[in-house]
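# Provide a 3D model corresponding to the input given below.
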Amino acid sequence: MLAPFLLTFVLFFIYPMLRAIQLSFTSSSLTETGAYVGFANYAKLVGDADFWASLRHTGAFALYTTIPTAAIGLLMALAVNRLLRAKNFALALFFLPYVLPVSVVTLVWQWILNGNFGIVNALTGLNNLWFSHVDTAMVTVAVVTVWWTVGFKMLLFLAGLQNIPKETYEAAALDGAQGFQIFRYITWPLLWPITMLVLILQLIASLKIFAQVYILTGGGPFNSTRVVLQYMYETAFQNLNGGYASTIAVAFFLIVLTMSLLQAALLSRKS
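Presented below is the predicted three-dimensional model:
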């Protein structure tokens, strides 16, 4: 019964990964396998200013989205969990953006933040080109991403809240716990495993950012929002340098894996 899954996993995940590692040691183009060049591509990557710049942009995006998404998702889950009659409506309303494809999400926000007729500029009296200004482009993409993905994190937190036994709250109330004390000493510690999961999932998703940046800003202005996956895409499909693109992919995989493991280790120490 495991054979279909294992075959699919090996064929579409393990083999491409091993193939990418192999290509990273070659001078391959996009269509032809090139000569073996050893660690030349990795030596080039170490001194590649464009790669390190894209890595910094990716890290900034992760910083702008990881903790805010978790915090807002938790607040939304706490609010929904306290509702009685309108719980299902609020749950559907908050979760709706998550089911939208990225193309729809970006199109909606391009209209909302349009510099000429966007509703945000009209309501605030500003005349800001949100996606075309160096100081606001990445932050704006982060805001769009948080709005789009926070519904799923809310759902995870809500599931955790509903699994906390009511008897625990009743016992705390009998001991005199009230308000924030209940959240600090009961809800938050029991939600910590869910919080760890949310933070790790969001960090990985944020580091893998591509579609929103590619559609909303194209990496601009002046490459200020070009992230690692976009740089890898441009290297492979525009510059037709498959070997070096594979090197970027392997290096970035190791960076994401290391950061995820470090985050998991740090979070587990606090639990």
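
# Centre-most residue in the chain?
The centroid of the chain falls nearest to Ser206 when counting by Cα atoms, centre = their mean (2.3 Å).

# the helices in the chain, which residues?
3-9, 15-23, 40-46, 49-82, 87-95, 102-112, 119-124, 137-162, 166-174, 180-182, 188-207, 211-216, 228-233, 242-270 (DSSP state H).

# The fifth one packs against which elements?
Going back to what we said before, that points to helix 87-95. Here helix 87-95 touches helix 49-82, helix 137-162, going by 3 or more Cβ pairs under 8 Å, 6 or more residues apart in numbering; DSSP states H and E. (Glycine included, C-beta is placed from N, CA and C.)

# could you dump these to a markdown table with mean pLDDT?
Putting the helices and strands packed on helix 87-95 into a markdown table (pLDDT from 0 to 100) gives the following:
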| stretch | mean pLDDT |
| --- | --- |
| helix 49-82 | 95 |
| helix 137-162 | 95 |
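
# Please identify the deepest-packed of those.
Compared across the helices and strands packed on helix 87-95, helix 137-162 shows the largest average neighbour count, a mean of 21 (mean count of other Cβ atoms under 10 Å).

# Can you name every helix or strand that that one contacts?
For helix 137-162, the packing partners by 3+ Cβ pairs under 8 Å, 6+ apart come out as helix 49-82, helix 87-95, helix 102-112, helix 188-207, helix 211-216.

# Residues touching the last one, excluding its own?
Put plainly, it is helix 211-216. Contacts of helix 211-216 from elsewhere in the structure, counted by Cβ atoms under 8 Å, 6 or more residues apart in numbering, are 61, 102-103, 105-106, 109-110, 131, 140-141, 144-145, 148, 219, 225-227, 230, 233.

# switch the cut-off to 10 Å
57-58, 61, 101-103, 105-107, 109-110, 113, 130-131, 137-138, 140-142, 144-145, 148-149, 219-220, 225-227, 229-230, 233-234 (Cβ atoms under 10 Å, 6 or more residues apart in numbering).

# Could you give the number of residues near Asp175?
9 (other Cβ atoms under 10 Å).

# List the contacts of it.
Each residue near Asp175 by Cβ under 10 Å, 6+ apart is listed here: Gln181, Tyr185.
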